[in-house]
Structure formats: structure tokens, C-alpha cells
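1. structure for the following, please:
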Amino acid sequence: MAQAIGATHWIIPDGYIPPTSSGELESHESVCVLNCGTEAAKLEFTIYFEDRDPIEHMEYIVPGRRTKHIRTASLSAGGESIPKGVPYAIQVTSDVPVIVQYSRLDSTQAENALMSTLGYPIR
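-> Below you'll find the predicted structure:
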């Protein structure tokens, strides 16, 4: 049986969806989640902003023994989604331990920039 590893609470303090793209690649960011356990992980995202209330209860399921690359622009709750060009932070909670990584592709200029980092696990 595959053992669940990771943490159930993660923070990504630097979220930002670039507002424009150039060339063939679209600017985007993803939260990459690895679920090594056999149970599906029920994720809940909370998005914090500098100048407004958070967007809460954005839900996503990652099946057991799978990975998902979740585009943050695809998340929504109550008709709200994350706006482009606005700084924000992400809180991810899960009912089972998972591993969380964050990646951003910025193609606003001809020279693309790719940034990737592990989230910060809260224990």
C-alpha cells in the first residue's frame, strides 16, 4: 500500500498571474500537487489579497497515487476567480498529506522566465 507523505497545510506567499503573453507560450502559473497515498486528496484553496477579502472554498480533487498541475486561472468559487496582474498569496489545505509545488511562466517579454519553488508546509 502506498503511504501518504507530505503535509496537509501549505502556504505559497507569492502568487501572480502575468496579465499578458508574447510569442507562442501563454503566461500562467500552476500549483503542482503530488498525492502519493491511495486515498483521493480533497484540496481547498484560499486566495489572499493585499486590498480585499479572500476568495475561499476553491475546491479540487487529486486522486490517489497521482499528480495534478492545477492552473490557478482555472480555480473559482462563488463566481469569483483569481484576477490577472494582481499580487496574492495561496493557502492550500488537504484532508490527506500531499506535496505542493508552485510554478510560474512569465512570457510577457520575448525572453521567457520560469520560476518554480516548493510551497511552505505548516506542521
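
2. and the lengthiest strand in the chain, which residues are buried?
-> For the chain, the longest strand by residue count, based on DSSP state E, is strand 88-106. Going by neighbour count (16 or more other C-beta atoms under 10 Å), the buried part of strand 88-106 is 88-92, 94, 96-102, 104-106. (Glycine included, C-beta is placed from N, CA and C.)

3. one more: stretch 46-65?
-> Neighbour count says stretch 46-65 has 46-48, 55, 58, 60, 62 buried, by 16+ other C-beta under 10 Å.

4. next: stretch 25-36.
-> For stretch 25-36, using 16+ other C-beta under 10 Å, the buried residues are 27-36.

5. confidence-wise, which helix or strand of this structure is lowest on average?
-> Ranking every helix and strand in the chain by mean pLDDT, DSSP states H and E puts strand 113-118 at the bottom, with a mean of 88.

6. helices and strands around that one, which ones?
-> Counting contacts by 3 or more C-beta pairs under 8 Å, 6 or more residues apart in numbering; DSSP states H and E, strand 113-118 packs against strand 88-106.
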